[in-house]
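K.L.:
Here is a sequence with its predicted model. Questions after.
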Amino acid sequence: MYKVYIHQSTESKRVRLRRDTRDTPDTGVADGSGGTYIVNKFINEHQLPHLLFYGPPGTGKTSTILACAKKLFKPAQFNSMVLELNASDDRGIGSVRGQILSFASTGTMYKSGFKLIILDEADAMTNDAQNALRRIMEKYTENVRFCIICNYLSKIIPALQSRCTKFRFGSLNSEQILPRLEHVVKEENIKITEDGKRALMELSGGDMRKVLNVLQSTWLAFGDVTETNVYSCVGHPLPIDIKNIVNWLLNEQYFSAYSKINDLKIKKGLALQDILTQLHLLVNKIEFPDNIIMELIIKLAQIEKQTAAGCNEAVQLNALVSAFQNARDIEKM
Ligand SMILES: Nc1ncnc2c1ncn2[C@@H]1O[C@H](COP(=O)(O)OP(=O)(O)OP(=O)(O)O)[C@@H](O)[C@H]1O
Ligand SMILES: [Mg+2]
């Protein structure tokens, strides 16, 4: 029998996670890099530079700047002091020369402070529009501060990058997600188990929006949020399914392994792509010599590429079983 080490105890880790967590109290934005702490300091000292927030989706960029805007301006001032433009608004060169320029160049009714222009999803702005912003940003710095938000920094022209203080919003880890998740669960009175929380965090890939969306869908669909319900809700294989698959691949004969995995796939409606992603995490823990593991990983990568390219799933599943059989045969030699 080949052995795979899968589950490590997470209980002791969990206790530590709670203690280390920092949740910026006044914005409710979980922050790993310390970015929101620095922005908070800027605001408290009335020294806000132009800002550039970038990073993957669902990590709190838009939430952070909206929280800052709420801190900077009273609700009555909000409409006249903040201009928020996102991908659903026109932000071509015409709008930069028109709407943005007129907002930036007009004075404020309130003596102190500056206006705020939030350009969300700015990676969709054309280079011409970004170029047109260069002069406006410099000329009206006294009057207005810009906050540019994007997913891909490379889509923002270097000249704009150099005018802004950059903050990278990394994917959130469990330490940052957990307190926020627990807060939402408490407020909404949701029945959730510890393994349900863990499943949500694992599936999210560091995207808080995804955590909340899957939480809501699971709660609506099943009532209770448990590990099984979370995985079934998104159609993702359960850890126990993956463990079974690995055991079949390592210990069953070719046809038996193929038909068992195929039956499971059909019964639970699993996609080969999802199986491969999870499988990859376990392959490194198999007790094969390095050279065999290397061969196996290369084959898994090829199968994943072919599956993504739309090749026949049955053929790719055969290829997967073959790859493991091959590795076992070489190991026996
Ligand atoms: N760091 C965080 N702390 C607390 N909640 C968060 C955090 N990040 C995201 N969220 C939650 O996820 C939702 C989406 O976040 P937000 O719109 O700020 O993401 P974003 O970084 O702007 O993503 P995108 O790049 O897709 O626009 C928010 O409504 C909030 O509930
Ligand atoms: Mg956003």
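P.N.:
That came in fine, so what should we check first? Ligands and ions are numbered 1, 2, ... in the order given.
K.L.:
Can you name the residues that contact the residue nearest to Ile261 when sequence neighbours are not counted?
P.N.:
Nearest non-adjacent residue to Ile261, counting by Cβ to Cβ, 6 or more residues apart in numbering: Ile245, 5.6 Å away. Backbone N, C-alpha and C define where each C-beta goes, glycine included. Counting by Cβ atoms under 8 Å, 6 or more residues apart in numbering, Ile245 touches Pro237, Ile261, Leu264, Ile275, Leu279.
K.L.:
Turn these into JSON lines, columns for distance to ligand 1 and secondary structure.
P.N.:
Below are those laid out as JSON lines (distance: Cβ to the nearest ligand atom, whole Å; DSSP: H, G, I helix; E, B strand; the rest coil):
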{"residue": "Pro237", "distance to ligand 1": "26", "secondary structure": "coil"}
{"residue": "Ile261", "distance to ligand 1": "35", "secondary structure": "helix"}
{"residue": "Leu264", "distance to ligand 1": "33", "secondary structure": "helix"}
{"residue": "Ile275", "distance to ligand 1": "27", "secondary structure": "helix"}
{"residue": "Leu279", "distance to ligand 1": "29", "secondary structure": "helix"}
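K.L.:
of all the residues you listed, which two lie farthest apart?
P.N.:
In those, two members sit farther apart than any others by Cβ to Cβ. They are Leu264 and Leu279, at 12.8 Å.
K.L.:
So these two - more neighbours on which side?
P.N.:
Leu279 (20 against 16; other Cβ atoms under 10 Å).
K.L.:
Could you list which residues are in contact with that one?
P.N.:
So Leu279 contacts Ile242, Ile245, Val246, Leu300 (Cβ under 8 Å, 6+ apart).
K.L.:
Tell me if I'm right that Ile292 and Ile330 touch.
P.N.:
Yes. Counting by Cβ atoms under 8 Å, Ile330 is a contact partner of Ile292 at 5.7 Å.
K.L.:
ok, the residue in the stretch 101-250 of the chain that ligand 1 sits nearest to - contacts?
P.N.:
Using Cβ to the nearest ligand atom, Met208 is the residue of the stretch 101-250 of the chain that sits closest to ligand 1, at 3.4 Å. By Cβ under 8 Å, 6+ apart, the contact set of Met208 is Ala30, Gly58, Thr59, Gly60, Leu172, Ile177, Arg180.
K.L.:
For this structure, what lies in contact range of ligand 1?
P.N.:
Applying Cβ under 6 Å from any ligand atom, one finds that the chain approaches ligand 1 through 29-30, 57-63, 151, 169, 172, 180, 208-209, 212.
K.L.:
If any of those residues are buried, give me the ChimeraX selection for them.
P.N.:
A single ChimeraX command is used to select the members of these judged buried by 16 or more other Cβ atoms under 10 Å:
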select :29,30,58,59,60,61,62,63,151,169,172,180,208,212
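K.L.:
so which pair among the residues of the chain next to ligand 1 is furthest apart in space?
P.N.:
Longest span within the residues of the chain next to ligand 1, Cβ to Cβ: Asn151 and Arg180, 20.8 Å.
K.L.:
Okay, the most centrally placed residue in the chain and Ser217: tell me how far apart.
P.N.:
When Cα atoms, centre = their mean is applied to the chain, the residue found nearest the centroid is Asp207 (2.9 Å). Asp207 is 14 Å from Ser217, where distance means Cβ to Cβ, to the nearest Å.
K.L.:
show me where the stretch 201-333 of the chain has helices.
P.N.:
208-222, 227-234, 239-251, 254-268, 272-283, 290-308, 313-332 (DSSP state H, counting those that start in this stretch).
K.L.:
Would you mark the buried spots in the first one?
P.N.:
Spelled out, it's helix 208-222. Going by 16+ other Cβ under 10 Å, helix 208-222 has these buried residues: Met208, Lys210, Val211, Leu212, Val214, Leu215, Thr218, Trp219, Phe222.
K.L.:
coming back round to it: any idea which of the contacts of Met208 is closest to Ala199?
P.N.:
Distances from Ala199 to the contacts of Met208, taken by Cβ to Cβ, are shortest for Ile177, at 12.1 Å.
K.L.:
What's the local residue count around the closest one?
P.N.:
Ile177, neighbours per other Cβ under 10 Å, totals 24.
K.L.:
Please name the nearest non-neighbouring residue to it.
P.N.:
Going by Cβ to Cβ, 6+ apart, Ile177 has Met201 as its nearest residue, at 5.3 Å.
K.L.:
next one: Ala308
P.N.:
Nearest non-adjacent residue to Ala308 (Cβ to Cβ, 6+ apart): Gln273, at 6.7 Å.
K.L.:
Surely that neighbour is in contact with Thr307?
P.N.:
Yes. Taking contacts as Cβ under 8 Å, Gln273 lies within contact range of Thr307: 5.4 Å.
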